[in-house]
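[1] Quick one: sequence and predicted model below, then my questions.
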Amino acid sequence: MGKAQLGVDGLDGRLLSNPLRMRTMGNPGPSLRIFHFGDFTLDAHTGELTRKGDRTRLRDQPLQLLIALLEQPGELVAREQLIERVWTPGTYVDFDRGLNKAINHLREALGDSAEHPQFIETLPRKGYRFISKVIPAETATIPDEAPEVSRVMPKKRAWGIVLAVSGLILAAGLAIGIAVVRPHPWQQSQQASLRINSLAVIPLDNLSGDRNQEYFADSLTDQIITDLAKFGSTRVISRASVLRYKGTRKTIQEIGRDLNADAIIEGTVTRSDNRMRITAQLIQVSTDMHLWAEAYEQSVIEPLDLQSRVATDIARKVDTVVHPLEQDRPVNAQAYGFYLKGRYYFYQYSTRGWQQAIEHFRKAIELDPNFASAYTGLADTYLVAGAYGVFTPKEALSEGKAAAQKAVQLNDNLASAHYALATAYTWYDWDWTNAEKEFQRALALNPDDALGRNWYGGYLSLLGRHNEAVDEHERARQLEPFSLVINANLARALYWARRYDEAIAHARSTLDIDPKFSVALFWLEGSLRHKQMFRQAIDLRKTVFPEHAAEFEKQFQTAGFQSVLRRDGDDFKKDGDLIQAARCYAQVAQKKEAIALLESCLQRRCSSMVTLKAEPDFDVLRDDVRFQKLVQQVGLP
């Protein structure tokens, strides 16, 4: 059965406990200063570099580097300091190459060179020094509203100001009973393009120093474009249109404006000896915010395999981030960026991912307290993560349900908010009447919400309406054919319907997308077990828990699969995962112990008690009067 805890979406919490390899790049706030040096003037607030009337808007990373150097003219600024300034802790990128690339962009903008520097001097293996005279900076006026506090201030200081200003805005709104956020003129002009409806893949930079590697970088760019087009949720700019930006000096905003693109993917390819490294990042054009960054590394023995894997992975992650936002009031550009990051982390389906999702949804709400979809994202995260034990049921219900209700209050026509509220009624309140009411309201508002239909399918399974549930999950999969959790939950619906052969097939097709997706692995193992394919179940378990592979094999060989389940039950009981222990004990005919654990779960209002009717592991208990009483107490028909 595997050491797992299941919840709203059938997630295996333990299998997904590994931390993410990457973290979305941060976007610190501005220094609000003006610098004069040589023939240049830098406005750190706008990011504009002016020389003799010609203005260039620097990209985010070069801008932050330049300000860091200008703040300490004539002094060595260590590479480590610059990396900390530009990338938030936990970001997974090639820092050295990323820093070198940003410095090169900066030198191009200044007309400077590493060999004969006028402004930026390189101190090999140490850092950089700004060698030109800098006229004392002029302090600018701090903007009236938090959304402008956005660009290049060190992270801790920036967020202190953001929180303080946002707090004042929110307090003022509460004082008059209505929180009103008036966008700046530049935001009003951008509101139509905040949603990511189109994106462009800029030709990846070959940093190998070997022109023979250009073909690989170009072909990888082509494959990413092709794979993105297959997902079909956004318009992808053609290869012919983006090719002219190969090696360009234009800013992301300029490229986005030229191509009418809402987001840009850029990256690098590096080959060193027998290793190849690829980096990619997704950038929101309207704010220059980095929505995520990822790095891949592999032996060059199979470069085409790496190319295919990377292109598919990038396309899938981009599709997750840019999924269209429901109709909502105009929102602050930065808040929307944080919302997109939150959704990306939510779909990681891991403890750390959910924690980061909550952090980003809260940032979006701080910047725009009336952003209903951000509250919905917060509700989704608390409700789903709480069902898997990341939060206590009480905390998950109080936080998740409150966020869903706030979203409905702000926008009663927001389908995702009603789906979230329905899920709270289902898994935590056991209020089946209101759950049905909210699901029907959501379906009427937006029948094409794939995640919502996925949750509705789960609700139908819990009630024992299995054929309807499978149909709902099929509809959700048609809407988002590459969603890992939606594909895996179709396997769950088939497992709960006791259609094990189909469940095995769908779980394996999900694993074709991502061989390590734990939700699919869990339902595959359960289906194999109920088909009495114990050899295959043990082999699968060994791949999931390789550190226990020898132990599993020895126990299976000496005492059979029942012994493995009995030990699982003992382990779950020690860990306090009572409903999982009950499932194991039920399967090894320890019925009295299983029902006693379920009675304890009822007293604790464990959210997974709603699976009593659906879960095949409990079929052996259904004739027991005590079990039937438990089903009635949960309110299941």
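    Cool, got the structure. Numbering: from 1, shown residues only.

[2] tally of neighbours for the closest residue in space to S113 that isn't next to it in sequence?
    The spatially closest residue to S113, leaving aside those adjacent along the chain, is R107, at 6.5 Å (CB to CB, 6 or more residues apart in numbering). The way it works is simple: take the backbone N, C-alpha and C, and place the C-beta from them, glycine included. R107: 18 surrounding residues under other CB atoms under 10 Å.

[3] Show me which positions of the host helix or strand of R107 end up buried.
    Here R107 sits within helix 95-110, counting by DSSP states H and E. Buried residues in helix 95-110, counting neighbours by 16 or more other CB atoms under 10 Å, are found at F95, R97, G98, L99, K101, A102, I103, H105, L106, R107, A109, L110.

[4] Contacts only, for the residue nearest to S113.
    R107 makes contacts with S113, A114, F119, I120, as judged by CB atoms under 8 Å, 6 or more residues apart in numbering.

[5] got it, and A379?
    Counting by CB under 8 Å, 6+ apart, the residues that A379 touches are G400, K401, A403, A404, A407, A417, A420, L421, A424.

[6] R129 too?
    R129 touches L69, G74, E75, L76, V77, I120, E121, L123, counting by CB under 8 Å, 6+ apart.

[7] Show the pLDDT at the closest residue to Q356 other than its chain neighbours.
    Using CB to CB, 6+ apart and skipping residues adjacent in sequence, the residue nearest Q356 is Y345, 4.3 Å away. pLDDT, Y345: 85.

[8] I figured Y345 was touching A357, is that so?
    Yes. Y345 lies in contact with A357 (CB atoms under 8 Å); the separation is 3.9 Å.

[9] So for the two, which sits in the more crowded spot?
    A side-by-side neighbour count of Y345 and A357, using other CB under 10 Å, places Y345 first with 28 against 25.

[10] what about that one, distance to E359?
    8 Å (CB to CB, to the nearest Å).

[11] do the same with C584
    35 Å.

[12] Looking at the two, which has the bigger crowd around it?
    Taking other CB under 10 Å, C584 and E359 do not tie; C584 has more neighbours (26 against 14).

[13] What does that one show for phi and psi?
    phi -70, psi -50 (degrees, to the nearest 10).

[14] give the contact list for it.
    Contacts of C584 (CB under 8 Å, 6+ apart): M1, L565, R566, D568, G569, F572, D617.

[15] Please spell out which residues along the helix or strand harbouring the third one are buried.
    By that I understand R566. Using DSSP H and E, R566 maps to helix 561-575. Buried residues in helix 561-575, counted by 16+ other CB under 10 Å: F561, V564, L565, R566, R567, D568, G569, F572, K573.

[16] The closest residue to the fifth one other than its chain neighbours and R583: what is the separation?
    What that stands for is R567. Closest residue to R567 apart from its sequence neighbours, by CB to CB, 6+ apart: Q555 at 6.9 Å. Using CB to CB, we find Q555 at a distance of 18 Å from R583.

[17] of the two, who's got more company?
    R583 (27 against 17).

[18] quick one: the more buried one and D617 touch, right?
    Yes. Counting by CB under 8 Å, R583 does reach D617; the two are 4.2 Å apart.

[19] low-scoring pLDDT stretches of the stretch 1-150 of the chain, where are they?
    1-33, 45, 87-97, 136-150 (pLDDT under 70).

[20] Also the stretch 201-350 of the chain?
    In the stretch 201-350 of the chain (pLDDT under 70), the answer is 209, 211-212, 215, 231-233, 273, 300-307, 320, 322-330.

[21] That one: helices as residue ranges?
    Using DSSP state H, counting those that start in this stretch, the helices assigned to the stretch 201-350 of the chain run over residues 214-231, 239-242, 252-259, 303-321, 333-346.

[22] Pick the most buried one from those.
    Mean neighbour count (mean count of other CB atoms under 10 Å) peaks for helix 333-346 among the helices of the stretch 201-350 of the chain, with a mean of 27.

[23] Which strands and helices lie in contact with that one?
    strand 275-284, strand 289-299, helix 303-321, helix 351-367, helix 372-387 (3 or more CB pairs under 8 Å, 6 or more residues apart in numbering; DSSP states H and E).

[24] Enumerate the positions of the shortest one that are buried.
    Of the residues in strand 275-284, those with enough neighbours to count as buried (16+ other CB under 10 Å) are M276, R277, I278, T279, A280, Q281, L282, I283, Q284.

[25] Tell me, how many residues neighbour Q557?
    Q557 has 9 nearby residues by other CB under 10 Å.

[26] Where does it fall, secondary structure wise?
    With DSSP H and E as criterion, Q557 is part of helix 549-559.

[27] Other residues contacting that helix?
    F534, I538, R541, K542, F545, S563, V564, R567.

[28] Quick check: chain neighbours aside, which residue is closest to the second one?
    Translated: I538. F556 (4.9 Å).

[29] if I look at the one you found, how far off is T543?
    14 Å.

[30] Looking at those two, which has the bigger crowd around it?
    Neighbours were counted for F556 and for T543 using other CB under 10 Å; F556 has more, 20 against 11.

[31] distance of that one from F545?
    F556 sits 13 Å away from F545, going by CB to CB.
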